[in-house]
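Trainee: Sequence and predicted structure are below.
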Amino acid sequence: MADEPDRIPVVGIWYRHVLAGGDPLRLAAGDARGRWQRSPVVGALYLADTPDTAWAEFYRAAAELEVPPGKLLPRDLWRYQVSLDAVADLSSNQALAAVRLSPPLPDSGDWPSFQAVGEHLALGGAQGVLWRSAARPANLCVCVFAVAVSTLTPLDRERIDTPPAPPRGMRT
């Protein structure tokens, strides 16, 4: 990798939706993959800075899968207390360019290059990656690698039975 990104603390309240009744700390199994990792290599959870950002990512995924959002419900929107010390900060275009990445697109077509960087960072000791949401670029997401999931504290959840209105500032 060209330059290693700064590692920063990420502390505060973050959000994630899971299938209703699901374990809020469960890692995806099998060959699941996300923007920054593939489950067989590195496990992870993905969190958003606001409920609207979590829902924007939900709508982005539903659009890419060509599944009506209502078919993916009910879901629980969880609120987490996050206290991480060493998260790779890739939240700026300059930091992305330093590791030879472009700003993320709102589909999985560009994931392989992001996964290579994320897996390198995870294997190098980073607790996660902070970046601008592809579905809502004014906001942030954090990928928390499996090694740090035990530091997350699920606080409470809201069950969602009908799709919420698509958030403002969203792109799919």
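Mentor: Here it is on my side, so go on. Numbers count the residues shown, from 1 in each chain.
Trainee: mind listing the strands for the chain?
Mentor: Applying DSSP state E to the chain gives strands spanning 7-19, 33-34, 37-38, 44-48, 75-90, 128-132, 140-145, 153-160.
Trainee: Quick check: closest non-adjacent residue to residue 36.
Mentor: residue 118 (3.0 Å; C-beta to C-beta, 6 or more residues apart in numbering). The C-beta positions use only the backbone N, C-alpha and C, and glycine is treated the same way.
Trainee: pretty sure that neighbour is touching residue 127, no?
Mentor: No: in this structure, residue 118 is not within contact of residue 127 by C-beta atoms under 8 Å, at 11.8 Å.
Trainee: Quick check: bridge partners of the residue most central in space within the chain?
Mentor: Geometric centre of the chain, nearest residue: residue 46, 3.0 Å, by C-alpha atoms, centre = their mean. Counting by DSSP bridges, residue 46 forms beta bridges with residue 143.
Trainee: That one and residue 160, how far apart?
Mentor: Residue 46 is 17 Å from residue 160, where distance means C-beta to C-beta, to the nearest Å.
Trainee: Same check on residue 58?
Mentor: Distance of residue 58 to residue 160, given as C-beta to C-beta: 9 Å.
Trainee: ok, now which ones touch residue 134?
Mentor: 35, 57, 60, 103, 104, 105, 106, 107, 171 (C-beta atoms under 8 Å, 6 or more residues apart in numbering).
Trainee: I misspoke; the intended subject was residue 169.
Mentor: Counted by C-beta under 8 Å, 6+ apart, residue 169 has contacts 52, 56, 136, 137, 138, 139.
Trainee: quick one, longest helix in the chain?
Mentor: Using DSSP state H to define each element, the chain has its longest helix at helix 51-65.
Trainee: Return the set of buried residues in it.
Mentor: For helix 51-65, burial by neighbour count (16 or more other C-beta atoms under 10 Å) applies to 51-63.
Trainee: ok, back up a step: could you list which residues are in contact with the residue nearest to the centre of the chain?
Mentor: By C-beta under 8 Å, 6+ apart, the residues touching residue 46 are 16, 34, 35, 57, 141, 142, 143, 144.
Trainee: go on, residue 56?
Mentor: With contact taken as C-beta under 8 Å, 6+ apart, residue 56 is in contact with 48, 133, 135, 136, 139, 166, 167, 169, 170.
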